[in-house]
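# This is the structure alone, sequence omitted:
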Ligand SMILES: [Zn+2]
């Protein structure tokens, strides 16, 4: 599998095809449907069995135009800020919101200045902590501002929020992501601002704390629409009802083509199955690729998959998720009891021989497969080098050029090899 995969690098071709098949793959959009149609045809052309869609009800939201100008003083011309609406935000009126700004670094600081927040735009300007080695932890430590910032600020009478984009980079690309409102709290518009623009705004506020921001967000909510997860199998020859799942999510934020997040995981899942067929292996248990819908707006596809009527009579042994970018894979993660990793340590040298320096480690999992854990399914996943992931994450920079064909392929190979062993030996 290693030689075939590295020679052909088909995962990257698939990623190019997936991206070309759709504009934005935002949940509920026509682009997301086009991507499903395209990948369904890819699975059929590759000879997968049981290729089908399973319905998922998702919410459709669209962003529209988005602008922000700083009006520092009547004598100076306005300064444009690079902003984007956060996913799920309400829009402003067509005329937009013009209001003074209060800059804070934390919810505690906001609380301590709650009188001052009334009628203002709250600017959450907490950079991601560079001293945290694990990028997902640094991200997680700040993501609360994006998710809950609008609800917290609205409790104190704020009229909008702007959050500093969640990336280590300093550039002019805003990064979007999910935000949530709270019942009983006014719904105020929420935007992200690029890191360089956040620094600029902070500097301008230092000169003039009374400056105004004029924010216009054209986003709209269209309510529920029907969409789907996409499934394709290599049917097991001896125990077809026992399933090893490999999955990623086909929806993506709309600022870019979502190459790493999570086009990479989708094509690695499909490429893993293709590689297994290419070497002529007939798995004893079923190996399944699942392209989940709507991870970004809260994981609806994963929940629908776990409770779909099609699951009756199926027994999932392990589910692997690839949703940490298509970077150089370092390890295959496996959850379950600590003893499980110990029991299967013999797999580690084999995984290392595929270029994954850490081999088999404890870990993995993800939003889409998490609901399967309730059914006792062991969760695992691909663990790539995430050092650059947030450079691209949820922004216009997450495009094909950001993905390296060889690194992407190595992930597919590692998933194919691990899934094949489990398909033959069980776990
Ligand atoms: Zn993702």
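Structure received. What you see is a predicted model; the values in this text were computed from it and never measured.
# State the distance from the residue located most distally from the centre of the chain to the ion.
Computed with Cα atoms, centre = their mean, the maximum C-alpha offset from the centroid of the chain is found at residue 75, amounting to 43.2 Å. As judged by Cβ to the ion, to the nearest Å, residue 75 and the ion stand 46 Å apart. Placement of C-beta: from N, CA and C, glycine included.
# and if you look at residue 381?
For residue 381 relative to the ion (Cβ to the ion), the value is 12 Å.
# One more: residue 409?
Distance of residue 409 to the ion, computed by Cβ to the ion: 19 Å.
# Okay, and that residue sits in which element?
helix 405-425 (DSSP states H and E).
# Can you list the buried residues in that helix?
405, 407-423 (16 or more other Cβ atoms under 10 Å).
# repeat for stretch 125-132
Residues 125, 126, 127, 128 are the ones in stretch 125-132 that count as buried (16+ other Cβ under 10 Å).
# mind putting those residues in CSV, pLDDT, distance to residue 274 and secondary structure included?
Converted to CSV, the buried residues of stretch 125-132 look like this (pLDDT from 0 to 100; distance: Cβ to Cβ, whole Å; DSSP: H, G, I helix; E, B strand; the rest coil):
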residue, pLDDT, distance to residue 274, secondary structure
125, 98, 46, coil
126, 97, 43, coil
127, 97, 42, coil
128, 96, 37, coil
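# now, which of the residues you listed sits nearest residue 47?
Among these, residue 128 lies closest to residue 47 (Cβ to Cβ), at 44.1 Å.
# just checking, that closest one touches residue 140?
No. Residue 128 sits out of contact with residue 140 when judged by Cβ atoms under 8 Å, with a separation of 9.9 Å.
# Nearest to the ion within the stretch 301-427 of the chain, name that residue for me.
The stretch 301-427 of the chain approaches the ion most closely through residue 323 (4.2 Å), counting by Cβ to the ion.
# and that residue, how many neighbours?
22 (other Cβ atoms under 10 Å).
# these two touch, right, it and residue 368?
Yes. The pair residue 323 / residue 368 is scored as a contact, 7.0 Å apart, by Cβ under 8 Å.
# Please enumerate the shared neighbours of the two.
248, 249, 295 (Cβ atoms under 8 Å, 6 or more residues apart in numbering).
# So which elements touch the lowest-mean-pLDDT helix or strand in the chain?
Ranked by mean pLDDT, DSSP states H and E, the weakest helix or strand in the chain is helix 338-343, scoring a mean of 89. Judged by 3 or more Cβ pairs under 8 Å, 6 or more residues apart in numbering; DSSP states H and E, helix 338-343 is in contact with strand 359-362.
# re the thing from before, now do the helix or strand just after the least confident helix or strand of the chain: everything it contacts.
Using DSSP H and E, the helix or strand that directly follows helix 338-343 along the chain is helix 347-352. Residues outside helix 347-352 that contact it (Cβ under 8 Å, 6+ apart): 331, 332, 358, 359, 360, 414, 417, 418, 421.
# how does it look with 7 Å?
332, 359, 360, 414, 417, 418, 421 (Cβ atoms under 7 Å, 6 or more residues apart in numbering).
# cool, and stretch 10-27?
Contacts of stretch 10-27 (Cβ under 7 Å, 6+ apart): 31-32, 34-35, 38-39, 42, 58, 60, 227, 250-254, 257-259, 263-264, 266-268, 270-271, 274, 293-294, 296-297, 400, 403, 405, 408-409, 412.
# Out of the residues you listed, list just those in helices.
Counted as lying in helices by DSSP state H, out of the contacts of stretch 10-27, are 31-32, 34-35, 38-39, 42, 266-268, 270-271, 274, 405, 408-409, 412.
# Point me to the residue of the stretch 101-250 of the chain nearest the ion.
Closest point on the stretch 101-250 of the chain to the ion, by Cβ to the ion, is residue 249, at 5.5 Å.
# Run a quick neighbour tally on residue 278.
Residue 278 - counted by other Cβ under 10 Å - has 16 other residues nearby.
# How about the contacts made by it?
Residue 278 touches residue 4, counting by Cβ under 7 Å, 6+ apart.
# which residues are there in the stretch 301-427 of the chain that come within reach of the ion?
residue 323 (Cβ under 5 Å from the ion).
# hmm, back to that, just the pLDDT at the residue of the stretch 301-427 of the chain closest to the ion, thanks.
According to the prediction, residue 323 has pLDDT 98.
# now swap in the one 5 residues further on and tell me
Reading off the confidence values, residue 328 has pLDDT 98.
# Now do the contacts for the closest residue to it other than its chain neighbours.
Spatially, and ignoring its direct neighbours in sequence, residue 328 is nearest to residue 407 (4.4 Å; Cβ to Cβ, 6 or more residues apart in numbering). Neighbour list for residue 407: 326, 327, 328 [criterion: Cβ under 7 Å, 6+ apart].
# Thank you kindly, that will do.
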